[in-house]
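In: Predicted coordinates and the sequence they were generated for:
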Amino acid sequence: MKDHSVKLAILKNLSLGGFHSGEELGEQFGISRAAVSKHIQGIQLWGVDIFRVQGKGYQLAQPLQLLDEAILDQQKRASGLSTPIELIPIIESTNQHLLDKVHQLESGAVCLAEYQSKGRGRRGREWVSPFGSNLYLSMFWRLDAGMAAAMGLSLVVGVAIVEALEQLGVNGVKLKWPNDLYFQDRKLAGILVEMSGQAGGAANLVIGTGMNLQMSPATQGITQPWASLSDVIADSTLESATDFALDRNELAITLINTLKTTLEQYELNGMAGFVERWNRLDNYLGRPIKLIMGPREVVGIARGINEQGAILIETSVEEQQTESKIEAFIGGEISLRSA
Ligand code: ATP
Ligand code: BTN
């Protein structure tokens with residue numbers, strides 16, 4: 001594994017604010033100015049915007065608040081959370097990391113990262129994961145109810161995350177079936193639930209979420225409109241939201257706590273009560289949508305979900321549109337779009 005310790009130490013210095021000269025950084029880490037410059041280039045490839053002013057040195061274009069093991073640990077203890085949390089700043093994919101070692105994990109174990117070089121979305125798509133500006137979080141869960149309950153679980157996770165944001169004073173975030181978080185019709189966060197075999201009847205699940213917090217508008221490689229939590233907060237009338245939103249450590253702990261509690265609840269009660277909770281947050285409820293299932297498309301009005309976690313669509317059966325019927329659709333290969 002590549003050692004990123006010098007780059008991370010340089011970033012820690014830069015995150016304190018102000019200018020840091022190549023000479024100062026070089027001296028601190030016992031390397032040449034040319035080596036510092038090389039490390040800075042590497043850091044820029046992680047998606048961090050750093051500029052250099054002749055005679056002054058390097059500075060971050062935007063302030064950076066790093067995830068910090070000591071702060072995470074302290075906040076974890078303060079909230080009575082006993083879950084193991086692994087912080088691996090530079091990783092290929094937090095989901096893959098947990099999938100690789102499911103047999104050594106207890107339910108609730110978490111992996112957090114600052115940057116993913118191979119972050120992935122549903123159906124093998126790329127999840128763009130620049131350093132430090134977002135949240136990349138995966139949790140392992142052994143689901144005794146087995147694979148069949150995994151679909152419901154992924155919907156429940158979306159509800160849990162939006163409700164956690166609401167509790168923190170951030171309003172206006174909605175859900176796009178099956179489990180994307182949207183703000184003003186732009187994607188704020190995605191959820192990817194992956195499975196690693198079955199042990200007896202139980203399913204080994206890794207639940208990954210990527211949430212944009214303060215992603216640079218210049219970020220490349222995202223094919224659809226997206227938003228950051230900072231946009232939601234800027235739009236929020238609640239001033240109290242501002243402080244926490246910039247505290248990535250606290251946000252991570254809040255989400256881990258909520259996820260764990262919600263998964264425990266789901267194990268006990270299944271989808272009971274979640275249909276209403278999901279429908280309240282449905283970004284498309286009552287709106288015209290299109291479902292794409294391979295070559296087939298269904299156009300109609302979104303009517304929320306049912307207890308199986310299927311999306312309900314009201315379609316017209318006659319040309320005159322005098323009669324309509326509500327159909328349920330379920331499955332991993334369906335894409336929803338505005339009609
Ligand atoms: P569907 O699954 O319904 O087709 P989708 O188009 O959102 O929805 P997903 O596979 O769920 O597709 O998610 C991957 C999508 O997310 C891709 O369109 C990708 O461009 C986009 N994406 C990648 N990284 C980010 C990010 N950091 N923020 C927002 N969107 C992103
Ligand atoms: C999607 O909308 O397609 C799901 C995106 C899920 C991204 C998260 S980021 C943390 C975890 N690790 C990954 O590689 N993917 C998930």
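Out: Happy to help now that I have it. Ligands and ions are numbered 1, 2, ... in the order given.
In: Where does the prediction get shaky in the stretch 101-250 of the chain?
Out: Scanning the stretch 101-250 of the chain for pLDDT under 70 picks out the ranges 198-199, 237-246.
In: can you map out the strands along it?
Out: With strands called from DSSP state E, counting those that start in this stretch, the stretch 101-250 of the chain shows them at 110-113, 115-116, 134-143, 173-176, 180-183, 186-199, 202-212.
In: ok, and does the third one reach over to ligand 2?
Out: Think strand 134-143. Yes. Judged by CB under 6 Å from any ligand atom, strand 134-143 and ligand 2 are in contact via 136, 137, 138. Heads up, the C-betas are built off the backbone N, CA and C, glycines and all.
In: roughly how far apart are the first one and residue 97?
Out: So the one you mean is residue 136. According to CB to CB, to the nearest Å, residue 136 and residue 97 sit 10 Å apart.
In: quick one: which of the two has more around it?
Out: Neighbours around residue 136 and residue 97, counted as other CB atoms under 10 Å, are more numerous at residue 136. The numbers are 24 against 19.
In: Excluding chain neighbours, give the residue nearest to the more buried one in space.
Out: residue 113 (4.5 Å; CB to CB, 6 or more residues apart in numbering).
In: surely the one you found meets residue 85?
Out: No. If you go by CB atoms under 8 Å, residue 113 and residue 85 don't touch, sitting 11.5 Å apart.
In: can you tell which of the strands of the stretch 101-250 of the chain is closest to ligand 1?
Out: Ligand 1 lies closest, by CB to the nearest ligand atom, to one member of the strands of the stretch 101-250 of the chain: strand 186-199, at 4.2 Å.
In: could I have that closest one exported to PDB, CA atoms only?
Out: Provided in PDB are the C-alpha atoms of strand 186-199 (Å, rounded to 0.1, in the frame of the first residue of the first chain):
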ATOM      1  CA  ARG A 186     -30.300  17.800  -7.800                       C
ATOM      2  CA  LYS A 187     -28.500  14.700  -6.400                       C
ATOM      3  CA  LEU A 188     -27.000  15.400  -2.900                       C
ATOM      4  CA  ALA A 189     -26.200  11.900  -1.900                       C
ATOM      5  CA  GLY A 190     -26.300   8.300  -3.100                       C
ATOM      6  CA  ILE A 191     -26.600   5.000  -1.200                       C
ATOM      7  CA  LEU A 192     -25.200   1.800  -2.400                       C
ATOM      8  CA  VAL A 193     -26.000  -1.500  -0.600                       C
ATOM      9  CA  GLU A 194     -23.800  -4.400  -1.600                       C
ATOM     10  CA  MET A 195     -23.900  -8.000  -0.400                       C
ATOM     11  CA  SER A 196     -21.100 -10.400   0.300                       C
ATOM     12  CA  GLY A 197     -22.600 -13.900   0.300                       C
ATOM     13  CA  GLN A 198     -24.700 -15.400   2.900                       C
ATOM     14  CA  ALA A 199     -23.800 -17.000   6.200                       C
END
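In: I would like the residues contacting that strand, please.
Out: 95, 99, 102, 120-122, 127, 142, 146-147, 150, 153-154, 157-158, 161, 173, 176, 179-182, 203-212, 224-229, 231-232 (CB atoms under 8 Å, 6 or more residues apart in numbering).
In: Buried subset of the residues you listed, written for PyMOL?
Out: Selection of buried members from the contacts of strand 186-199 for PyMOL, criterion 16 or more other CB atoms under 10 Å:
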select buried, resi 95+99+102+120+121+122+127+142+150+153+154+157+158+161+173+176+179+180+181+182+203+204+205+206+207+208+209+210+211+212+226+227+228+229+231+232
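In: restrict the contacts of strand 186-199 to those near ligand 1?
Out: Among the contacts of strand 186-199, proximity to ligand 1 is found for 121, 122, 127, 180, 210, 212, 224, 226 (CB under 6 Å from any ligand atom).
In: residue contacts, the fourth one?
Out: To tie it back to what came earlier, the one meant is residue 180. Residue 180 makes contact with 158, 187, 189, 190, 191, according to CB under 8 Å, 6+ apart.
In: With distance to residue 267 added, can I get the residues you listed in a markdown table?
Out: Putting the contacts of residue 180 into a markdown table (distance: CB to CB, whole Å) gives the following:
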| residue | distance to residue 267 |
| --- | --- |
| 158 | 17 |
| 187 | 29 |
| 189 | 23 |
| 190 | 24 |
| 191 | 18 |
